[in-house]
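Enquirer: no sequence for this one, just the structure:
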């Protein structure tokens, strides 16, 4: 591979990475707007999140097409092939995060349109969402820098968001037991909390993809502690 072709190839890989980060920024904005819609009932924010979904989907299609083009044209091997495969998996997770944000927005709109009883402060949902957004941002940052150590930190954060979800569910169960009239709204809030928890799961998946790129090991069904002593392949 001569120097000119090598520079073109490096540019294509960098375009892929920057495309993922741009898509990640859009998805993060979706999450923030969806959570704000839950807090305020803003119909404008609900519509903004829904409208952004088409852009997220287009990012996924564009990046997947670029990945396929690079694979066919460059026939990458080893680390470069792992990078491209991981990017393809990461954009799938980002698209699904966008779906979860849209679900939060739609359900928030429905709750407020009915005149939501004040079952619980929006602070609990917002706190869980802050953890999920932090996980997503850190996972994308680890992808940009190919930092397996930071990716591992994201994976360890997953337990915190799971704890938040269980705490919210326990609180809502108490409300439902005390007043059956709250059951319908409480269940919708459970689904919103579950969507936030799923966002954390997808961020964790992206972090696992980073470790796959760096170490050459797929840890989706492996305890991370088993990898501590492994060298990159």
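Expert: Received, thanks. Computed from a predicted model, the values in this text were never measured in an experiment. Numbering: from 1, shown residues only.
Enquirer: How about the contacts made by residue 162?
Expert: The neighbours of residue 162, taking C-beta atoms under 8 Å, 6 or more residues apart in numbering as the test, are 197, 200. Every C-beta, even on glycine, is put in place using the N, C-alpha and C of the backbone.
Enquirer: distance of it from residue 169?
Expert: Relative to residue 169, residue 162 is positioned 11 Å away (criterion: C-beta to C-beta, to the nearest Å).
Enquirer: helices or strands next to the lengthiest helix in the chain in the packing?
Expert: Counting residues, the longest helix found in the chain (DSSP state H) is helix 3-40. Applying 3 or more C-beta pairs under 8 Å, 6 or more residues apart in numbering; DSSP states H and E, we find helix 3-40 packed against helix 43-74, helix 78-113, helix 123-145, helix 183-215.
Enquirer: So which of those helices is nearest residue 31?
Expert: Comparison of those against residue 31 by C-beta to C-beta identifies helix 78-113 as nearest, at 4.8 Å.
Enquirer: Make TSV out of the helices and strands packed on helix 3-40 and add mean neighbour count, distance to residue 26 and mean pLDDT.
Expert: Listed next are these as TSV, based on neighbours: other C-beta atoms under 10 Å; distance: least, C-beta to C-beta, whole Å; pLDDT from 0 to 100:
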stretch	mean neighbour count	distance to residue 26	mean pLDDT
helix 43-74	16	6	94
helix 78-113	21	8	93
helix 123-145	20	12	95
helix 183-215	22	14	94
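Enquirer: Report how many residues lie close to residue 31.
Expert: Residues near residue 31, counting by other C-beta atoms under 10 Å, number 24.
Enquirer: give the contact list for it.
Expert: Counting by C-beta under 8 Å, 6+ apart, residue 31 has contacts 97, 100-101, 104, 129, 132-133, 136, 199.
Enquirer: cutoff 10 Å now
Expert: By C-beta atoms under 10 Å, 6 or more residues apart in numbering, the residues touching residue 31 are 49, 97-98, 100-101, 104-105, 129-130, 132-133, 136, 195-196, 199.
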